[in-house]
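A.B. asks: Curious how this folds, go ahead:
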Amino acid sequence: MLGRSRQHQSPAVSAFIDIMGSRHVLTSARATAPYAKGNRFGGGSVLAVLKPGSLVDMWRALQVCVDHDLIVIPQSANTGLTGGSGPGAQDYDREIVIISTLRLNQIHLINDAREAVCLAGSTLYELDEALAPLGREPHSVIGSSSIGASVIGGIANNSGGSQVRKGPAFTKHAIFARVTEEGRLELVNHLGVELGDDPAHILDKLQRGDWSPADVTPPPEDTMETEYGEHVREIVDSPARFNANPKFLYEASGSAGKLMVFAVRTRTFPKVTGATTFYVGTNSPAELEDLRRAILTSDMPLPVSGEYMGRPSFDLAEKYGKDTFVSIKHAGSREQIKLFALKNWANGVFAKLPFFGQTVADTIAQRAFGLLPQQLPERMLKFRDRFEHHLLLVVSGEEKDRMGAFLDDFFAEAGHEGDYFVCTDDEAQSAMLHRFGAASAATRYFNLNRDESADMITFDVALRRDEDDWLEVLPDEIADQLHISSYYGHFFCHVLHQDHVAKKGVDPVALKKQMMELLEARGAAVPAEHNYGRLYRVPEEMEAHFKELDPCNVFNPGVGETSPRKNWA
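C.D. replies: Sure thing, here's the model as predicted:
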């Protein structure tokens, strides 16, 4: 990594300040730290973090980067779980600039709100807010939306989301910058909106939403689900969705930061009415798989979602996800987004002070929220005591009675010993928030037990759709090296998230490789929806896709353990 001792005299930094002002050009280690360190993994030094307030300024800053032979890492909310939206510990041969897009958060609803044009920094939460009064919703409605994740981040990572009917986030309509093989910056408008020819003119009109309905191509058919719905019903020997699936790699979709995306045009969906949550419990993974296949092969409409959580995940979330649960349930997602940002900022500040460490905010939050009384509904707690495996099955209002009868018949069959209850509105909200809290609980556990732990080992796994033994049972020689293991995920898609914390003295890299070999031997695909980031090596076909998007390796080099060097050297 090149030195940064002369960064304040850098001609590039001076040019950035001329474009957007010194307030929005960050260069000190303290100011850039929240952007240069990943949410879970990754981190490194950067020349500058840029925070443009207009698309035109972002375009001009990109030209400066190209002129000065700089690396560009696009970043929105920096909420990713694999470190792919910041630098890593790699042998870079150029200075790095992060372009943070969060100030560019305009959303333009088009075609009677059946689609949305979302600028680079717009978040899922903001899109959900814009659509809610119109009876519509975005691709993702819980999880990433509650921590401020961006629309484009989901598209760039083909994020899966929790809703069975929709599949991975995907669009063929985007406007983006790329660097050609000749090293020339070019703007590509595949948005399906006529905006002119000159880049500055195009981007100014785009940000202002200055176009007429006649300038916009027609929307797709308005449905409650995508073609993924039929795909996921097929019980075959391949995963339903995974990041390297060529079906979902198209320009901005699956780009993983290898393009600078200014905006995407994405579908919206009619909001489900009268959603009903069935809380299912069983002590048999095989019984839960029987239920999955019975529902997928039935003539019923697909459930809205089906979220799995094992008892260890339930218990971890109860203890270590309490702040997430309480803040979203009683203050709302907007306040949770602020708290998430505040925690990251505080940890970054205290990490630089003696005697404090990098998890002070986690410690404070854990102790403060631990003083609160039990938050989970009584029936959920009773099911936790009775059953090892839990499924949150959500259906639309018109399917409530039919699903209830279906479950009655299923659990009445010989050999089935599970049970269910129909959630009240409060129980439904609590159950989903508790499942969401499981995603951060293992991280909190690790942060509070760093002295006794080597590292986190995490996977998001796409299992074969016909996998019977879907719930991993680790060999003793692996399990004995772990403090905790937490399994949860999107059950009908057979996508599971696995969070492990390795004991102190364990080699986490070697252990993760050993665990990965077990998954691959089962025909699983890894990663499923969080993308490769700084944790996974991309397969050859994915690297070829990256090279086609970015032939000079200017944008986010090194992602997926590819070459971090110019021209893919």
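A.B. asks: Where does pLDDT dip in the chain?
C.D. replies: Where the chain drops to pLDDT under 70, the residues are 1-9, 142-147, 330-358, 360.
A.B. asks: how close does the residue located most distally from the centre of it get to Ser284?
C.D. replies: Largest separation from the mean C-alpha position in the chain: Ala414, at 40.2 Å (C-alpha atoms, centre = their mean). Separation of Ala414 from Ser284 (C-beta to C-beta, to the nearest Å): 13 Å. In short, each C-beta sits where N, CA and C put it, glycine included.
A.B. asks: His201 now?
C.D. replies: For His201, the distance to Ser284 - C-beta to C-beta - is 63 Å.
A.B. asks: Helices along the stretch 101-250 of the chain, start to end?
C.D. replies: 124-131, 151-156, 199-208, 228-232 (DSSP state H, counting those that start in this stretch).
A.B. asks: Out of those helices, which gets nearest to Ala89?
C.D. replies: With C-beta to C-beta as the measure, helix 151-156 is the member of those nearest Ala89 (22.1 Å).
A.B. asks: what packs against that closest one?
C.D. replies: Judged by 3 or more C-beta pairs under 8 Å, 6 or more residues apart in numbering; DSSP states H and E, the packing partners of helix 151-156 are strand 115-119, helix 124-131, strand 260-267.
A.B. asks: change it to 10 Å
C.D. replies: In terms of contacts (3 or more C-beta pairs under 10 Å, 6 or more residues apart in numbering; DSSP states H and E), helix 151-156 is packed against strand 71-75, strand 115-119, helix 124-131, strand 174-179, strand 260-267.
A.B. asks: Send me that helix as PDB with only the CA atoms.
C.D. replies: Extracted C-alpha coordinates of helix 151-156, given in PDB (Å, rounded to 0.1, in the frame of the first residue of the first chain):
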ATOM      1  CA  VAL A 151     -31.200  -0.100  -3.000                       C
ATOM      2  CA  ILE A 152     -28.200  -0.300  -5.300                       C
ATOM      3  CA  GLY A 153     -26.200  -2.300  -2.700                       C
ATOM      4  CA  GLY A 154     -28.900  -4.900  -2.900                       C
ATOM      5  CA  ILE A 155     -28.800  -4.900  -6.700                       C
ATOM      6  CA  ALA A 156     -25.000  -5.000  -6.900                       C
END
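A.B. asks: so how far is it off the chain centroid?
C.D. replies: Averaging C-alpha positions (C-alpha atoms, centre = their mean, to the nearest Å) puts helix 151-156 8 Å from its chain's average.
A.B. asks: Repeat that for stretch 527-547.
C.D. replies: Distance of stretch 527-547 from the chain centroid (C-alpha atoms, centre = their mean) equals 15 Å.
A.B. asks: and what of stretch 416-430?
C.D. replies: For stretch 416-430, the distance to the chain centre is 27 Å (C-alpha atoms, centre = their mean).
A.B. asks: quick one: buried residues of it?
C.D. replies: Within stretch 416-430, the residues that count as buried by 16 or more other C-beta atoms under 10 Å are Gly418, Tyr420, Cys423, Glu427, Ala428, Gln429, Ser430.
A.B. asks: Relative to Leu393, how far out is the third one?
C.D. replies: This points to Cys423. For Cys423, the distance to Leu393 (C-beta to C-beta) stands at 10 Å.
A.B. asks: Ok, the fifth one next?
C.D. replies: When C-beta to C-beta is applied, the distance between Ala428 and Leu393 equals 11 Å.
A.B. asks: so Gln374 makes contact with Lys319?
C.D. replies: No - counting by C-beta atoms under 10 Å, Gln374 does not reach Lys319; the two are 11.1 Å apart.
A.B. asks: So if I had to pick from the two, which one is more boxed in?
C.D. replies: Neighbour count, other C-beta atoms under 10 Å: between Gln374 and Lys319, Lys319 has more, with 14 against 9.
A.B. asks: Which stretches in the stretch 401-550 of the chain count as helices?
C.D. replies: Counting by DSSP H, counting those that start in this stretch, the segments of the stretch 401-550 of the chain that form helices are 425-448, 476-479, 508-521, 540-549.
A.B. asks: Out of these, indicate the one that is most buried.
C.D. replies: helix 425-448 (a mean of 22; mean count of other C-beta atoms under 10 Å).
A.B. asks: still on that earlier bit, so which of the helices of the stretch 401-550 of the chain is nearest Met403?
C.D. replies: helix 425-448 (13.8 Å).
A.B. asks: As PDB, could you dump the C-alpha coordinates of the closest one?
C.D. replies: Output of helix 425-448 as PDB, limited to C-alpha atoms (Å, rounded to 0.1, in the frame of the first residue of the first chain):
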ATOM      1  CA  ASP A 425     -50.200  -8.700  15.300                       C
ATOM      2  CA  ASP A 426     -47.800  -8.100  18.200                       C
ATOM      3  CA  GLU A 427     -46.500 -11.700  18.200                       C
ATOM      4  CA  ALA A 428     -46.000 -11.500  14.400                       C
ATOM      5  CA  GLN A 429     -43.900  -8.300  14.700                       C
ATOM      6  CA  SER A 430     -42.000  -9.700  17.700                       C
ATOM      7  CA  ALA A 431     -41.200 -13.000  15.900                       C
ATOM      8  CA  MET A 432     -39.900 -11.300  12.800                       C
ATOM      9  CA  LEU A 433     -37.800  -8.800  14.700                       C
ATOM     10  CA  HIS A 434     -36.400 -11.600  16.900                       C
ATOM     11  CA  ARG A 435     -35.400 -13.500  13.700                       C
ATOM     12  CA  PHE A 436     -33.800 -10.300  12.400                       C
ATOM     13  CA  GLY A 437     -31.900  -9.900  15.600                       C
ATOM     14  CA  ALA A 438     -30.300 -13.300  15.200                       C
ATOM     15  CA  ALA A 439     -28.300 -11.800  12.300                       C
ATOM     16  CA  SER A 440     -26.400  -9.500  14.600                       C
ATOM     17  CA  ALA A 441     -26.400 -11.500  17.800                       C
ATOM     18  CA  ALA A 442     -23.400 -13.600  17.000                       C
ATOM     19  CA  THR A 443     -21.400 -10.500  16.100                       C
ATOM     20  CA  ARG A 444     -22.300  -9.000  19.500                       C
ATOM     21  CA  TYR A 445     -21.300 -12.200  21.300                       C
ATOM     22  CA  PHE A 446     -17.900 -12.100  19.500                       C
ATOM     23  CA  ASN A 447     -17.400  -8.400  20.300                       C
ATOM     24  CA  LEU A 448     -18.000  -9.000  23.900                       C
END
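A.B. asks: I'd like to know how many residues surround Leu463.
C.D. replies: Neighbour number of Leu463 under other C-beta under 10 Å is 25.
A.B. asks: isn't it right up against Ala528?
C.D. replies: Yes - counting by C-beta under 10 Å, Leu463 does reach Ala528; the two are 8.7 Å apart.
A.B. asks: what do those two both touch?
C.D. replies: Pro239, Ala240, Phe242, Gly489, Cys493, His494, Val495, Leu496 (C-beta atoms under 10 Å, 6 or more residues apart in numbering).
A.B. asks: Would you mind giving those as JSON lines with neighbour count and distance to Ile99 added?
C.D. replies: Shown next, in JSON lines, are those (neighbours: other C-beta atoms under 10 Å; distance: C-beta to C-beta, whole Å):
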{"residue": "Pro239", "neighbour count": "22", "distance to Ile99": "33"}
{"residue": "Ala240", "neighbour count": "26", "distance to Ile99": "34"}
{"residue": "Phe242", "neighbour count": "22", "distance to Ile99": "28"}
{"residue": "Gly489", "neighbour count": "28", "distance to Ile99": "32"}
{"residue": "Cys493", "neighbour count": "28", "distance to Ile99": "33"}
{"residue": "His494", "neighbour count": "25", "distance to Ile99": "36"}
{"residue": "Val495", "neighbour count": "24", "distance to Ile99": "31"}
{"residue": "Leu496", "neighbour count": "23", "distance to Ile99": "34"}
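A.B. asks: Name the residues contacting each of Gln374 and Lys319.
C.D. replies: With C-beta under 10 Å, 6+ apart as the test, Gln374 and Lys319 reach no residue in common.
A.B. asks: sec struct for Pro373, please.
C.D. replies: In terms of secondary structure, Pro373 is coil; the call rests on DSSP: H, G, I helix; E, B strand; the rest coil.
A.B. asks: Much appreciated, bye for now.
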